[in-house]
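Colleague: no sequence for this one, just the structure:
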């Protein structure tokens, strides 16, 4: 079993449809029945949500608010130094609170007002095809739980910090929101597993872990970088390479540690041209057109582990 598998908390549904989040011994929440019960409650609300329903509000606990306060304020400081200009402007427009956990319903309403995107609650794992396909409808599947309060700067799985501070912030930019929608449209044309994996890989190295150049420096715009306290401080130490679809498709990496290789655009306009061209052309035949054989491709990361860790708390 990989370290990632040991940390990630799977959601088990019993015969009566009740959810149970299982924490393995290495998970920060292991041995905390109160937190587990709260996670089960949050998951149950998401499982009961249906299209057209209002996003359910969560009764967050004092420990959740304290955790959000610490990590969101810490990230805000780093984002002011390391985030791209378009991201910093989106942060101001999105105007997330730093003293309490916002309700997903409120952040969704604000996001819709800004760019037409909205959040849909997710209980846990969302299949890749469903996750990416919903982006075409400007809908983002998001969890509503908060990481365990014992390690506010660390999360082995995507929580509200990743979903809202990471993806929500970038989708609050009309320019980035357009790229998210294009990714969703591309995924719907990618009808084979291989072609969908390629769309996912390009998304991973751009909208999850992308950087771009501004005034001679690399700055972050990818949601996983923006929401990871440790990695946001360290991303400039990575081997930063030019945008390259084939390289993204074939690079092997470890999702349980900081990314050793990142890909940078020369500017936001360059990124828009690069992704716009790839996503507009992407379809079932794209891997073959690029000469990507099964042996040369590597599997895309599962979406639900994209914000899996921030080791700053333990380093």
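Modeller: Okay, I see it. Since this is a predicted model, take the numbers as computed values, not measurements.

Colleague: in this protein, which helix is the longest?
Modeller: Ranked by residue count under DSSP state H, the longest helix found in the chain is helix 62-82.

Colleague: in it, what's buried?
Modeller: Buried residues in helix 62-82, defined by neighbour count with 16 or more other CB atoms under 10 Å: 63-69, 71-72, 74-75, 78-79, 82. C-beta here means a position set from N, CA and C on the backbone, and glycine is covered the same way.

Colleague: same check on stretch 150-159?
Modeller: Of the residues in stretch 150-159, those scored as buried under the neighbour-count criterion (16+ other CB under 10 Å) are 151, 152, 153, 154, 155, 156, 157, 158, 159.

Colleague: run a quick neighbour tally on residue 256.
Modeller: Applying the criterion other CB atoms under 10 Å, we find 17 residues in the vicinity of residue 256.

Colleague: what pLDDT does it get?
Modeller: Residue 256 is assigned a predicted lDDT (pLDDT) of 73.

Colleague: same check on residue 2?
Modeller: Looking at residue 2, its pLDDT stands at 28.

Colleague: and the buried residues of helix 62-82 as JSON lines, adding distance to residue 145 and pLDDT?
Modeller: Below are these laid out as JSON lines (distance: CB to CB, whole Å; pLDDT from 0 to 100):
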{"residue": "63", "distance to residue 145": "12", "pLDDT": "97"}
{"residue": "64", "distance to residue 145": "8", "pLDDT": "98"}
{"residue": "65", "distance to residue 145": "13", "pLDDT": "98"}
{"residue": "66", "distance to residue 145": "15", "pLDDT": "98"}
{"residue": "67", "distance to residue 145": "11", "pLDDT": "97"}
{"residue": "68", "distance to residue 145": "11", "pLDDT": "98"}
{"residue": "69", "distance to residue 145": "16", "pLDDT": "98"}
{"residue": "71", "distance to residue 145": "14", "pLDDT": "97"}
{"residue": "72", "distance to residue 145": "15", "pLDDT": "97"}
{"residue": "74", "distance to residue 145": "19", "pLDDT": "97"}
{"residue": "75", "distance to residue 145": "18", "pLDDT": "98"}
{"residue": "78", "distance to residue 145": "23", "pLDDT": "98"}
{"residue": "79", "distance to residue 145": "22", "pLDDT": "98"}
{"residue": "82", "distance to residue 145": "26", "pLDDT": "98"}
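
Colleague: closest one to residue 245 out of those residues, please.
Modeller: Ranked by distance to residue 245 (CB to CB), these are led by residue 82 at 25.4 Å.

Colleague: quick one: residues contacting the closest one.
Modeller: When contacts are counted by CB atoms under 8 Å, 6 or more residues apart in numbering, residue 82 is found next to 219, 220, 225, 232, 233, 235.

Colleague: among these, which one has the most neighbours?
Modeller: residue 225 (27 neighbours).

Colleague: name the element that residue belongs to?
Modeller: In this structure, residue 225 sits in helix 223-226 according to DSSP states H and E.

Colleague: tell me which stretches of the stretch 101-250 of the chain form helices.
Modeller: Along the stretch 101-250 of the chain, counting by DSSP state H, counting those that start in this stretch, helices occupy 104-115, 128-135, 160, 169-171, 174-189, 193-203, 223-226, 229-234, 245-250.

Colleague: let's have those helices in JSON lines, adding distance to residue 58.
Modeller: What follows is the helices of the stretch 101-250 of the chain, written out as JSON lines (distance: least, CB to CB, whole Å):
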{"stretch": "helix 104-115", "distance to residue 58": "8"}
{"stretch": "helix 128-135", "distance to residue 58": "21"}
{"stretch": "helix 160", "distance to residue 58": "9"}
{"stretch": "helix 169-171", "distance to residue 58": "20"}
{"stretch": "helix 174-189", "distance to residue 58": "24"}
{"stretch": "helix 193-203", "distance to residue 58": "27"}
{"stretch": "helix 223-226", "distance to residue 58": "21"}
{"stretch": "helix 229-234", "distance to residue 58": "23"}
{"stretch": "helix 245-250", "distance to residue 58": "36"}
